[in-house]
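Undergrad: Could you work out the structure for the sequence below:
(2 chains)
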Amino acid sequence: MIKVENIHKSFGDTHVLKGISATFEKGKTNLIIGQSGSGKTVFLKCLLGLFEPEEGQICYNGQYYSELSSKERRNLRQEMGMVFQGSALFDSMTVEGNVMFPLDMFTKQSKAEMQDRVDFVLKRVNLIDAHKKYPAEISGGMQKRVAIARAIVMNPKYLFCDEPNSGLDPKTAILIDNLIQEITQEYDITTVINTHDMNSVMEIGEKIIFLKNGHKEWEGTNKEIFKTDNQAVTDFVYSSELFKKVRQMYIEERN
Amino acid sequence: MKYLEAIGKYFIMIWEVFKKPTKWPIMKSLIFKEIDELIYGSMGIIIFISFFIGGVVTIQTALNLNSPLLPKSLIGFATRQSVILEFAPTFTSIIMAGKVGSYITSSIGTMRVTEQIDALEVMGVNSLNYLVFPKIVAMFMYPFAVAISMFVGILGGWIAAVFGGYAPSGEFIEGLQLDFDSFHVTYAFIKTVVFAFVIATLPSYHGFYMKGGALEVGKASTTAFVWTSVVIIILNYLLTQLLLG
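TA: Next comes the predicted model:
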């Protein structure tokens, strides 16, 4: 579980995060949504420890990040997996090399043990024949799956995803969403996803936080988002005609 | 003020490079990869340029020593001094700043743009150590490349002198041995080691701290080349004054 207590983050005169508090539960897919510039990426980077908030605390399973020594912070980082927007795979390494990298770097496993683990996670993300291929030789969807495999290879307690569906076709996007949700439940990890994708919100949003201008504007589930009267949320989520109709149908169905 | 800030940031980066080292088996393979990329991959251009510049230095010297009172051995002497003192260590370093420096900036810059550096940081890897340290170690092989450059430059001079009819082989070789001071070679290698460090670290700095997209990677490479060349020229002056002045 990750507990965020009233965090503030500024860059120069720009106050990006203005006192956000939230709790991200274990075994659930937690979504952060909001318009561009609302502070989602900065918030995610604070959760990852890449940015340190000026005020407030972030607590990982009872450990306050600000109270950890640099060694403890490094150890905590090894319990985190991250799927970047552009996958961020290492160009010079094969798919197998990318997935093996954290194991090679931080464990004392034998080559055979590492190979077994890599084969297992690649199979888990449905990538069986791509071991020896380079990132440039595989599709965007496959790159995302390799990134997920790399993120879970160390058995993380926390999984962070920055817009995992961006640049993917709708079918592949759903596959990636489902894969993340399955992994979250299967390994009982705390997953936080930063997304713009409303399909993801509807499909896997077990907990949703809506950010607006650096504030937490709304919090709820994918069921509650249909019922909310919050104008900022409805303007954002139901900005397309399609989703307006989906909401209308949902309300009519309930009545 | 901006430049002072950049200088400070550069030295902080150097400090960070040596903190929290990467596991030795991984680092070893990275070092060998960088030696192959930065040194071995540059040998072709170094040999090619050294050979022809050595020849040109000889021809220019011969054409300017047209008095019958001056011995032909001076052509060999001048070639040796030019090649060992300046051409091999400094001129080759400027070429390396272009070839190797732009490679370093663009490869690290591309990693920054594509979030690969962020990925390393999130995993808890000291990205500066992982990316820059192997380049620094690999560039310590650079004096070997400069030694080859010295040899090939003088060989180019000898071929130009003998086959161009500017000086007989015996007199040219006599000139090469004339008044030889071994400290000149030491001086050249001291300069080379300093330049090697600059060529490894300054372009890394420009790549690592760049912001923006693909266009900025290109701009950063150009800026890195300009600044690496400027620093090499200034250090060349200071080291010459310090060691020979």
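Undergrad: And the helices in the stretch 51-200 of chain A?
TA: For the stretch 51-200 of chain A, the helices defined by DSSP state H, counting those that start in this stretch cover A:70-77, A:95-106, A:111-124, A:140-152, A:170-187, A:198-204.
Undergrad: quick one: average confidence on the second one?
TA: In this model, helix A:95-106 has an average pLDDT of 93.
Undergrad: Also the first one?
TA: Model confidence over helix A:70-77 averages 85 on the pLDDT scale.
Undergrad: Kindly report the same for the third one.
TA: In this model, helix A:111-124 carries a mean pLDDT of 91.
Undergrad: Buried residues, it. List them.
TA: Using 16 or more other CB atoms under 10 Å in any protein chain shown as the test for burial, helix A:111-124 gives A:114, A:117-118, A:121-122, A:124. Where C-beta positions appear, they are placed from N, C-alpha and C, glycine not excepted.
Undergrad: could the residues you listed go into JSON lines alongside distance to A:K26?
TA: Shown next, in JSON lines, are the buried residues of helix A:111-124 (distance: CB to CB, whole Å):
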{"residue": "A:M114", "distance to A:K26": "27"}
{"residue": "A:R117", "distance to A:K26": "23"}
{"residue": "A:V118", "distance to A:K26": "26"}
{"residue": "A:V121", "distance to A:K26": "20"}
{"residue": "A:L122", "distance to A:K26": "25"}
{"residue": "A:R124", "distance to A:K26": "20"}
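Undergrad: Out of these, which comes closest to B:I26?
TA: Comparing the buried residues of helix A:111-124 against B:I26 with CB to CB places A:M114 closest, at 12.6 Å.
Undergrad: and that closest one, how far is that from chain B?
TA: As judged by CB to the nearest CB, to the nearest Å, A:M114 and chain B stand 12 Å apart.
Undergrad: Next one: whichever residue of the stretch 151-255 of chain A sits closest to chain B from A:A147, what distance?
TA: Distances between the stretch 151-255 of chain A and chain B by CB to the nearest CB are smallest at A:F160, namely 8.0 Å. Per CB to CB, to the nearest Å, A:F160 is found 11 Å from A:A147.
Undergrad: any residues in contact with both of those two?
TA: Listed contacts common to A:F160 and A:A147 are A:V83; contacts here mean CB atoms under 8 Å, 6 or more residues apart in numbering or on different chains.
Undergrad: okay but B:S204 is in contact with B:I104, surely?
TA: Yes. At 5.6 Å, B:S204 counts as touching B:I104 under the criterion of CB atoms under 8 Å.
Undergrad: Same drill for these two, tell me which one is more crowded.
TA: Between B:S204 and B:I104, counted using other CB atoms under 10 Å in any protein chain shown, B:I104 has the larger neighbour count: 31 against 27.
Undergrad: ok, the more buried one to chain A distance?
TA: Counting by CB to the nearest CB, the gap from B:I104 to chain A is 14 Å.
Undergrad: Assign a three-state SS to that residue, would you?
TA: helix (DSSP: H, G, I helix; E, B strand; the rest coil).
Undergrad: Which helix or strand contains the spatially most central residue of chain B?
TA: Closest to where the C-alpha atoms of chain B average out (CA atoms, centre = their mean) is B:S93, at 2.7 Å. Element membership of B:S93 [criterion: DSSP states H and E] is helix B:92-113.
Undergrad: so who does the closest residue to B:S102 other than its chain neighbours touch?
TA: Closest residue in space to B:S102, ignoring its immediate chain neighbours: B:S221 at 4.3 Å, by CB to CB, 6 or more residues apart in numbering or on different chains. Applying CB under 8 Å, 6+ apart, we find B:S221 in contact with B:101-102, B:105-106, B:109, B:203, B:206.
Undergrad: residues from chain B in reach of chain A?
TA: When proximity is defined by CB under 8 Å from any CB of the partner chain, chain B lies next to chain A at B:20, B:22-23, B:26, B:110, B:114-116, B:118-119, B:121-125.
Undergrad: at 10 Å what do you get?
TA: Residues of chain B that fall close to chain A, judged by CB under 10 Å from any CB of the partner chain: B:19-20, B:22-23, B:25-26, B:33, B:107, B:110-111, B:113-126, B:130.
Undergrad: Please pick the buried ones from the residues you listed.
TA: Buried among the residues of chain B next to chain A by 16+ other CB under 10 Å: B:22, B:26, B:107, B:110-111, B:113-126, B:130.
Undergrad: in stretch B:144-158, what's buried?
TA: B:145-146, B:148-150, B:152-158.
Undergrad: May I have that stretch exported as CSV, CA atoms only?
TA: C-alpha atoms of stretch B:144-158 as CSV (Å, rounded to 0.1, in the frame of the first residue of the first chain):
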residue,chain,number,x,y,z
PHE,B,144,48.0,3.9,-27.3
ALA,B,145,46.0,5.4,-30.3
VAL,B,146,48.1,8.5,-30.1
ALA,B,147,51.4,6.5,-30.0
ILE,B,148,50.2,4.8,-33.2
SER,B,149,49.3,8.2,-34.6
MET,B,150,52.9,9.4,-33.8
PHE,B,151,54.4,6.4,-35.6
VAL,B,152,52.2,6.6,-38.6
GLY,B,153,52.6,10.4,-38.9
ILE,B,154,56.4,10.1,-39.0
LEU,B,155,56.1,7.1,-41.4
GLY,B,156,54.0,9.3,-43.7
GLY,B,157,56.6,12.0,-43.4
TRP,B,158,59.4,9.6,-44.3
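Undergrad: quick one: stretch A:10-23 near chain B?
TA: No. If you take CB under 10 Å from any CB as the test, stretch A:10-23 misses chain B, and the best it gets is 12.5 Å.
Undergrad: ok, residues contacting that stretch?
TA: By CB atoms under 10 Å, 6 or more residues apart in numbering or on different chains, the list of residues contacting stretch A:10-23 from outside reads A:1-9, A:30, A:32, A:37-43, A:46-47, A:51, A:53-59, A:190, A:192, A:207, A:209, A:211, A:213-216, A:219.
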